[in-house]
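A.B. asks: Give me a 3D structure for the following:
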Amino acid sequence: MTVVKSPLPEPARQVTFDALQSTLVDLLGLSLIGKQAHWNIVGPRFRSIHLQLDEVVSTARSYADTVAERAAALGLAPDGRPETIASAFTLPSPKDGWLRDEDVVQLLSETLGTAIDRLRERIAATEKPDPVTQDLLIGITADLEKQRWMFEAENWPRDH
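C.D. replies: Purely as a prediction, here's the structure:
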């Protein structure tokens, strides 16, 4: 059943839906990873990283809503059900239990990097089928790159 008539022709609609749905899965998963790390982080940089994780979670949740609403506006039903996220999510995730602050920094840097790489692929894929969705994905990528930069800056003395 289609509730909203899509302004996109079918091939463009499918490419756009695939990009939006996979982005939705990544963002919802990223928000869960951020909260898991937020609750379990320990170490001397606890406070600053704890707060930074809230920023990641807020960004991911806000964009997840925007992505889902973009899909709905195109007549595409977004799927954010737990079983969908669990079956489709493949970003790097934390182990269970307490997480050292340096491990959280490494994890978030890696997870954000993977999400960004995927977004860049979706940006390329949506260039012709739907430039409006492409623009949304570009904005998300910019914000996630900013978050990744902040985590990578936490490792600066160790990396150099």
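A.B. asks: List the buried residues for the helix or strand harbouring A68?
C.D. replies: Taking DSSP states H and E as the criterion, A68 maps to helix 46-73. Of all the residues in helix 46-73, those buried under the rule 16 or more other CB atoms under 10 Å are 49-50, 52-53, 56-57, 59-61, 63-64, 66-68, 70-71. Where you see a C-beta, it was placed from the backbone N, CA and C, and this is true even at glycine.
A.B. asks: Same question for stretch 139-150.
C.D. replies: Using 16+ other CB under 10 Å as the test for burial, stretch 139-150 gives 140-141, 144-145, 147-148, 150.
A.B. asks: These in helices, which ones?
C.D. replies: In helices, judged by DSSP state H, the following of the buried residues of stretch 139-150 are found: 140-141, 144-145, 147-148, 150.
A.B. asks: hey, where'd the strands end up in the protein?
C.D. replies: All strands of the chain, identified by DSSP state E, fall at 41-42, 99-100.
A.B. asks: Which one of those lies nearest to D135?
C.D. replies: Set against D135 and scored by CB to CB, the strands of the chain come closest in strand 41-42, at 34.3 Å.
A.B. asks: show me where pLDDT drops low in this structure?
C.D. replies: For the chain, the stretches flagged by pLDDT under 70 are 1-2, 157-160.
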